[in-house]
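Visitor: Fold the stuff below for me.
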Amino acid sequence: MKKLFLSIFMLLPLFGLHAQNYYWVMLTDKGNATFDPYQYFDEQAIARYQANGADLYDASNYPLDASYTAQVNAIATDEIGVSRWFNAMAVEATPDQIARIETLPFVKRVLPINNNAQLAQYDGLTETTVETVSTAKLSDQLKRMQGNLFVQHGLDGTGIRIAVFDGGFPHVDTHPAFQHLRDGKRIVDTWNFPNKKADVYGWNSHGLMTLSCIAGIFNGRQLGLATGAEYLLYRTEVNLEPAKEEVWWMMAVERADQHGANIISSSLGYGKERYNPTQMDGTSLVARAANMAARKGILVCNSAGNEGDEKQWKTIITPADADSVLCIGGTTHSLTTYNHIYFSSYGPSADGRVKPNVSAFGHALAAAHLVKRDTVMYVDGTSFSCPLVAGFAACAWQSQRNLSAMQMKEAIERSGDLYPYFDYALGYGVPQASFFTEAPKAKQPTFTFEESTDSIVVVIASPKNETTVFYNKQRPDGLLDHYANMAITSQSPLRIRFHKASIDSCTLNVWYDGYSESRALSTADQVRWADNSRPFTPQVVNDDDNATHSFRLNRSFADNTPSSRGVGGKHHWEFYLDYGSMFNTDPDEITLHGFSSALHLGLRHVYALGKYYGLGYAFEWGYQSYHLDKESNTVMDVRLGLDADHDVSLKRLYHNDWSLELFQRVCFVHGGLRGRGIFWDLGVYGSYSNFHYQLKADKNNGVPAFEVDYTNPSFDGRYFWNWGVTTRIAYDMIGLYGRYRLTTYNIADDAVCPIRLPRLEVGIELCF
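Guide: This is a model prediction of the structure:
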């Protein structure tokens, strides 16, 4: 039995050699491929290329060489898809097959694919009733962006083509919110990448909701601004797919390019399921594909993500981290107050760029299908702020068709109601339609700066009740050291005092009521206060003693710095509880009577070498209670005075130990409450043990009853040291574990009935 378990332990790491995995096979060149853009591209795509000055004959548009793909397919198990832009094939293959593929002369390199997309929807769904109205009525989410100005100017996205990437579009072909799209035949292309067919009208209802925030009209109420645009609907995600989504996202971008998309609305992304926070720097393949789409004239809008309340992630998701992507965060659903909605992901990108770029309502009214009826409901998530801005962008672009995609991205940033002020919660604020429909107006000051020897004071002479002041401290390198906003709750004159020692060599930026201004310390003041730094906390002075002013958001740069520990990090700790039983695996092992319980409490430290592989160690205290067969006497029983005239009422061996374990971890799918997903551990342990033998005999045939306890009985050759192998397979917080002791516990060799303890322990684990 020992040899069997040793063999299994040695062979387990090799089992993966025959497992099916997914890979990008990057090719060196396009070989003999030929290309005619006028046969490949839709007419609107050609027009977009020309308007943006992009090259139709760019090498990235050429197909892959057919002889190359044939040779790869002859080796791989299956082809998932191809990317013209990256000259790559996505394949399913074993490691052995990939090793053969890597030797092909036209293969540049091979990259593993292993991720899981996350729809940027937060758990918050509320059904509501929307009254029927005789004329179009804008929902509040559109009013917040001054959508009424687009309506008044007849701007509804006409002439703009929008591609929507999502997990499915059930009932879009029947829901009354899209009747105008069906009547106008403005859904011009659909494709279901997971199922390789045109039908997208099923699966995850997330797409039904996001599309309605771009184009929906329900019972006369307008849910999105781009009701006149054309649409490309692409299903790129499935509910429980551990890989491939990145492939489908990239294939969808290329199909959107081919079919003339001007805008992409992507309410999904890739974060802690695959990446570490420091990788959110625009270098993922999907981020690179998004940047390439921008160079070809497409404006890519992507949700920032819903990791705002994560303690460790502290950044956005990809491809929202791409430089050329319009990353969209979420605000609370109010037309009077102004604040970040708590779940919306914070920026900046891992390399310090401004993210999110702009924001919109993160709590929105969207089309839904509930209990066999078409309706609307309130939904939460940056999944819905993204399409709201995508619809806004379509109307803005309709008003200024001469702008390129990157010029439109910049224009939308400039239309943000905080611009040029920004922070890592809201970006440049909520886009405003007046930027595109009205002549620019000089912004009138709403506050002034006063300076004294030791302070800079922001003076708001006539504040408006229920408004917000934003301010930040910006480093010379452009990063924000600290940012905050303050709720104003009275109309009394307000003075906000900043001590110069808290500003140091940074710049103080302030925004209030549409006006922004900055103030930096003089060189003399920087020198004077350099050694007297203070926290960046202003003092509020108000003539109205009854007025209160509160911070809604107050964050330092450290709050936005991803940690190497915890969710998505390199390190994390786990506290665990194991509960199981011992089992016989050898006929020479002593007979057990009933359930022999085992309990372990421990603390593990896991170090991630990659997103899906890591090493770790654990410290553990363990306890086993062996319920021994009362009818089978051991040499210990004889030594303790047991004879045939006694009836045994209790015979038990207690064992506890302190262990050190070293293990490797393979993670198959990320996710769950603690972010661990499905994982498998395999390790070895060594422990120092002690024992307690308890025997209780009742009186019988005149022989007195007795009870004895024997601490640390001597075992041959091993004493109290032992070692063995461990394994665990779990989903997030719960799983199964097994331990097999490779050392032998025996009473002295001359024993007639030795105590040879069972080696195998199996049970359940809770991990916190």
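
Visitor: heading toward the C-terminus, what's the first helix or strand past the lengthiest helix in the chain?
Guide: Taking DSSP state H as the criterion, the chain has its longest helix at helix 382-399. Sequence-wise, the next helix or strand downstream of helix 382-399 (DSSP states H and E) is helix 405-414.

Visitor: per-residue confidence averaged over stretch 348-362?
Guide: Averaged over stretch 348-362, pLDDT sits at 95.

Visitor: element containing Gln97?
Guide: Going by DSSP H and E, Gln97 is part of helix 95-102.

Visitor: Please save the CA atoms from that helix in CSV.
Guide: C-alpha atoms of helix 95-102 as CSV (Å, rounded to 0.1, in the frame of the first residue of the first chain):
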residue,chain,number,x,y,z
PRO,A,95,0.8,19.9,-23.9
ASP,A,96,2.3,17.2,-26.0
GLN,A,97,0.5,18.6,-29.1
ILE,A,98,1.6,22.1,-28.3
ALA,A,99,5.2,21.0,-28.0
ARG,A,100,4.9,19.7,-31.5
ILE,A,101,3.2,22.8,-32.8
GLU,A,102,6.0,25.0,-31.3
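
Visitor: That helix: which residues count as buried?
Guide: For helix 95-102, a neighbour-count test (16 or more other C-beta atoms under 10 Å) marks 97-98, 101 as buried. For glycine as for every other residue, the C-beta is placed from the backbone atoms N, C-alpha and C.

Visitor: Please apply the same query to stretch 414-423.
Guide: 415-419, 421-423.

Visitor: Tell me the gap between that stretch and the middle of its chain.
Guide: Relative to the centre of its chain, stretch 414-423 is centred 27 Å away, using C-alpha atoms, centre = their mean, to the nearest Å.

Visitor: Given the top strand by length along the chain, what are its sheet partners and their directions?
Guide: Identified as the longest strand of the chain according to DSSP state E is strand 647-669. Strand partners for strand 647-669, identified by DSSP bridges, are recorded as strand 613-627 (antiparallel), strand 678-698 (antiparallel).

Visitor: Quick check, pLDDT for the closest residue to Lys409 other than its chain neighbours.
Guide: Closest residue to Lys409 apart from its sequence neighbours, by C-beta to C-beta, 6 or more residues apart in numbering: Leu326 at 5.3 Å. pLDDT recorded at Leu326 is 98.

Visitor: what's around Leu326, how many residues?
Guide: Residues near Leu326, counting by other C-beta atoms under 10 Å, number 30.

Visitor: what's around Asp374, how many residues?
Guide: Neighbours of Asp374 using other C-beta under 10 Å come to 16.

Visitor: among the helices and strands of the protein, which has the poorest mean pLDDT?
Guide: Here the helix or strand of the chain ranked lowest by mean pLDDT, DSSP states H and E is helix 2-11, holding a mean of 42.

Visitor: if we can go back for a sec, could you look up the next helix or strand downstream of the helix holding Gln97?
Guide: strand 107-113.

Visitor: re earlier: what helices and strands are in contact with the helix holding Gln97?
Guide: The helices and strands touching helix 95-102, judged by 3 or more C-beta pairs under 8 Å, 6 or more residues apart in numbering; DSSP states H and E, are strand 21-27, helix 66-75, strand 107-113.

Visitor: Make CSV from these and add distance to Gly330 and mean neighbour count to it.
Guide: Shown next, in CSV, are these (distance: least, C-beta to C-beta, whole Å; neighbours: other C-beta atoms under 10 Å):
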stretch, distance to Gly330, mean neighbour count
strand 21-27, 32, 21
helix 66-75, 42, 15
strand 107-113, 30, 15
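
Visitor: So what's the residue count around Met733?
Guide: Met733 has 15 neighbours, counted by other C-beta under 10 Å.

Visitor: My guess is it contacts Cys767. True?
Guide: Yes. Contact criterion C-beta atoms under 8 Å: Met733 and Cys767 qualify, at 5.4 Å.

Visitor: Touching both of these two, which residues are there?
Guide: Counting by C-beta atoms under 8 Å, 6 or more residues apart in numbering, the residues touching both Met733 and Cys767 are 674, 676.

Visitor: export the helices and strands packed on helix 95-102 to TSV and tack on mean pLDDT and distance to Ile187?
Guide: Putting those into TSV (pLDDT from 0 to 100; distance: least, C-beta to C-beta, whole Å) gives the following:
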stretch	mean pLDDT	distance to Ile187
strand 21-27	92	31
helix 66-75	96	31
strand 107-113	91	30
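
Visitor: In TSV, list these along with distance to Leu760.
Guide: As requested, the helices and strands packed on helix 95-102 are exported to TSV (distance: least, C-beta to C-beta, whole Å):
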stretch	distance to Leu760
strand 21-27	32
helix 66-75	41
strand 107-113	35
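
Visitor: My understanding was that Thr537 contacts Ser502; is that so?
Guide: Yes. Under the criterion of C-beta under 8 Å, Thr537 makes contact with Ser502 at 7.1 Å.

Visitor: Of the two, give the one with the bigger neighbour count.
Guide: More crowded of Thr537 and Ser502, by other C-beta under 10 Å: Ser502, with 20 against 12.

Visitor: which secondary structure element contains the more buried one?
Guide: Using DSSP H and E, the element containing Ser502 is helix 500-503.

Visitor: Buried residues, that helix. List them.
Guide: Those would be 500-503, for helix 500-503 by 16+ other C-beta under 10 Å.

Visitor: sorry, back to before: comparing the strands paired with strand 647-669 by mean pLDDT, which bottoms out?
Guide: strand 678-698 (a mean of 84).

Visitor: Off-centre distance for that strand?
Guide: 39 Å.

Visitor: So which bits of stretch 577-593 are buried?
Guide: 578, 580-582, 584, 589-590, 592.

Visitor: In strands, which of those fall?
Guide: 578, 580-582.

Visitor: Show me which of these is closest to Gly147.
Guide: Closest to Gly147 out of these is Asp578 (57.3 Å), distances taken as C-beta to C-beta.

Visitor: now the closest residue to that closest one other than its chain neighbours: how far from Arg414?
Guide: Closest residue in space to Asp578, ignoring its immediate chain neighbours: His600 at 3.9 Å, by C-beta to C-beta, 6+ apart. Distance from His600 to Arg414, counting by C-beta to C-beta, to the nearest Å: 60 Å.

Visitor: Also Arg109?
Guide: In terms of C-beta to C-beta, Arg109 sits 40 Å off from Arg414.

Visitor: Also Gln71?
Guide: For Gln71, the distance to Arg414 (C-beta to C-beta) stands at 50 Å.

Visitor: repeat for Val510
Guide: Taking C-beta to C-beta, one finds Val510 at 19 Å from Arg414.

Visitor: Please give me every residue in contact with Lys355.
Guide: Counted by C-beta under 8 Å, 6+ apart, Lys355 has contacts 304, 316, 320-321, 327, 347-349, 424, 427.

Visitor: what do you get if the cut-off is 10 Å, keeping everything else the same?
Guide: Contact analysis of Lys355 by C-beta atoms under 10 Å, 6 or more residues apart in numbering lists 280, 282, 304, 315-316, 320-323, 325, 327-329, 345-349, 422, 424, 427.

Visitor: mind listing what the residue lying closest to it once chain neighbours are set aside touches?
Guide: With sequence-adjacent residues excluded and distances taken as C-beta to C-beta, 6+ apart, Lys355 is closest to Gly347, at 3.5 Å. Contacts for Gly347 (C-beta under 10 Å, 6+ apart) come out as 280, 304, 314-316, 320-321, 327, 329, 353-357, 422-427, 480, 560.
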